Structure formats: C-alpha cells, structure tokens
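1. How does the following fold in three dimensions:
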Amino acid sequence: MLKNKKYMLLFDDGIKERLDFIIKYLNKEAVFENGSVVSIDKTNLHYVEPHRMSIKNHLFLFFNYDNSVKKRN
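-> Residues are numbered from 1 along each chain as shown. The predicted model follows:
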C-alpha cells in the first residue's frame, strides 16, 4: 500500500498582506489554512494543495506567486 507524505507550504508574505488588507477593508473575518505538497511514496508523483481562505460560506483557493484567486462554490 502506498503512503502519502504531506509537507506544509507557508504563505507568501505579499499575498497574505494583500488579503489581510482586503478583509479589513470589507470589515469581514477570515480563516486561513496553509496549503501543502503531497508526495506519493515509491513514485515520482507530487501534487500541490492550494492555500485556503474561508469567509462565512465562501471558500477561496490560491497559490504562492500567482495573482489569481479561485472561488469554490
């Protein structure tokens, strides 16, 4: 059976600052979760889970060094 190894990614400072500014401007509260890199044992396969920000019922996904933010319904 293959096992996964998960390594936590840290937020890029620029992204975190911009999102904090927007949240304060909108007078909302958000919950942030770090993304991660998952590597599958005995293979050369890796995938990146995006960082997550949730505001009430809305979930936003984003990656470091990418200017786009995706909204999940």
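2. When you work out contacts or count neighbours from here on, use the C-alpha atoms and nothing else.
-> OK.
3. In contact with the residue nearest to the spatial centre of the chain: list those residues for me.
-> In the chain, the centroid-proximal residue (C-alpha atoms, centre = their mean) is His51; its distance is 0.2 Å. By C-alpha atoms under 8 Å, 6 or more residues apart in numbering, the contact set of His51 is Phe11, Phe32, Glu33, Asn34, Gly35, Ser36, Leu61, Phe62, Phe63.
4. next one: Asn64
-> Here Asn64 is in contact with Phe11, Asp12, Ile15 (C-alpha under 8 Å, 6+ apart).
5. Turn these into a markdown table, columns for pLDDT, neighbour count and secondary structure.
-> Shown next, in a markdown table, are the contacts of Asn64 (pLDDT from 0 to 100; neighbours: other C-alpha atoms under 10 Å; DSSP: H, G, I helix; E, B strand; the rest coil):
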| residue | pLDDT | neighbour count | secondary structure |
| --- | --- | --- | --- |
| Phe11 | 83 | 18 | coil |
| Asp12 | 81 | 12 | coil |
| Ile15 | 81 | 16 | helix |
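6. Nearest to Lys70 among the residues you listed?
-> Using C-alpha to C-alpha, Ile15 comes nearest to Lys70 of the contacts of Asn64, at 13.6 Å.
7. Leaving out sequence neighbours, find the closest residue to that closest one.
-> Asn64 (7.3 Å; C-alpha to C-alpha, 6 or more residues apart in numbering).
8. For the one you found, pull up the helix or strand it's in.
-> Using DSSP states H and E, Asn64 maps to neither a helix nor a strand.
9. quick one on the thing from earlier: if the residue nearest to the centre of the chain is in a bridge, with which residues?
-> With DSSP bridges as the criterion, His51 is bridged to Phe62.
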